[in-house]
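Colleague: dropping a prediction and its sequence here:
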Amino acid sequence: MNPYLKLALAGSIALTVQGCAMIPPIPIPSEVGVDHKGLYYSYYEPLGGTVKFANTQPLDLSGLKTDTEKARAVLGFPSMEDWPPMTFTAAMPRNAGKAEAERIRNSKYGHPSNGQSEGVADGAITAGLADAAPGAAVGAVAVLNTDTSGFHDARVSISHILCFKPAEQLSKEDALKACWDDYDKNVTTAFELIEPRSDSFWRHSYRIKVPVDGRTALITDRYRAQYAPGYAPVEMGGFKAHTFRIEMIIWPDPKSSYKVDDLALLLGKTKPDSLVYLLSAKGDPREREGLEPIGVF
């Protein structure tokens, strides 16, 4: 793409979102709001999704060798080798039906020719637009309710946080609060913050330093964490669990020299047992496409 056209497009999207930035996303029918520490959060339970069907029983991950393989397994995501880039759409984590989710987990690429998943679209947030500014990337989809099915790959344009909390001890609402607290503590203990966390509008944004000279932003929406009932994997205790998938955009300073692997290593040092990450390979300044994301388990 012409670099000037690319810049103009990114600027146009950013300006559009800036004009709508004070308008919160329109609630969807299954959305449940939660007040926590003076801020508003929410979650919803879609009818389908790879996460929903990946954890219907405790997964035994002992045969998997890497954190990336384990993170993919609990998210129900395929490898890049089995499902090449742009075949696993950003809608599948929330829309895939049971049969499709099983095919994604257990077979090589066999996507329907029309590019649509068999689940029911529910208007959930999908953070895409990876060429735009980070706020635009998350905000444009939330405000405009963009349908990204068949356009963005969920392993490329988005990073993912998956949280498991014991269902027999916590309500869904308290579990969501605990997941957000775990994530906040993980980030603030793993990295040096350039400035205090921003809670503008419906986002959490952390601007962090990555040794030796790296800087990046981690951006998540407080709205519409994807909920699914299920079980934690055997390695986490195999308990009946509330699970929440939260989408994250990683926006690196182009002058930085860090790698996504560095982010994963630092997150892993202070990560609570409840969290699993799958970090997009686009989360560093090297503009890499089509590579496996990096897991933190």
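Modeller: Nice, I can see it.
Colleague: drop to CA atoms for contacts and neighbour counts, all remaining ones
Modeller: Noted.
Colleague: let's verify Tyr277: helix, strand, or coil?
Modeller: At Tyr277, secondary structure determined by DSSP: H, G, I helix; E, B strand; the rest coil is strand.
Colleague: which stretches of this structure form strands?
Modeller: 32-36, 39-44, 159-166, 192-193, 203-210, 214-221, 225-231, 240-252, 275-279, 294-296 (DSSP state E).
Colleague: out of the ones you listed, which gets nearest to Val51?
Modeller: strand 225-231 (7.1 Å; C-alpha to C-alpha).
Colleague: averaged pLDDT, that closest one. What do you get?
Modeller: The average pLDDT for strand 225-231 rounds to 98.
Colleague: one step back: I'd like the strands of the chain as TSV, with mean neighbour count appended.
Modeller: Formatted as TSV, the strands of the chain follow (neighbours: other C-alpha atoms under 10 Å):
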stretch	mean neighbour count
strand 32-36	15
strand 39-44	18
strand 159-166	24
strand 192-193	16
strand 203-210	20
strand 214-221	22
strand 225-231	24
strand 240-252	25
strand 275-279	26
strand 294-296	24
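Colleague: for Leu266, which of these is the nearest?
Modeller: strand 203-210 (8.6 Å).
Colleague: any regions of the stretch 51-200 of the chain where pLDDT drops low?
Modeller: Across the stretch 51-200 of the chain, the ranges flagged by pLDDT under 70 are 110-151.
Colleague: and of the strands of the chain, who's closest to Glu102?
Modeller: strand 225-231 (15.6 Å).
Colleague: what helices or strands is the closest one leaning on?
Modeller: strand 39-44, helix 50-54, strand 240-252 (3 or more C-alpha pairs under 8 Å, 6 or more residues apart in numbering; DSSP states H and E).
Colleague: and those as JSON lines, adding distance to Glu81?
Modeller: What follows is those, written out as JSON lines (distance: least, C-alpha to C-alpha, whole Å):
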{"stretch": "strand 39-44", "distance to Glu81": "31"}
{"stretch": "helix 50-54", "distance to Glu81": "18"}
{"stretch": "strand 240-252", "distance to Glu81": "23"}
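Colleague: returning to what we had before: with respect to Pro84, which of the strands of the chain lies nearest?
Modeller: Closest among those, using C-alpha to C-alpha: strand 294-296, at 16.1 Å.
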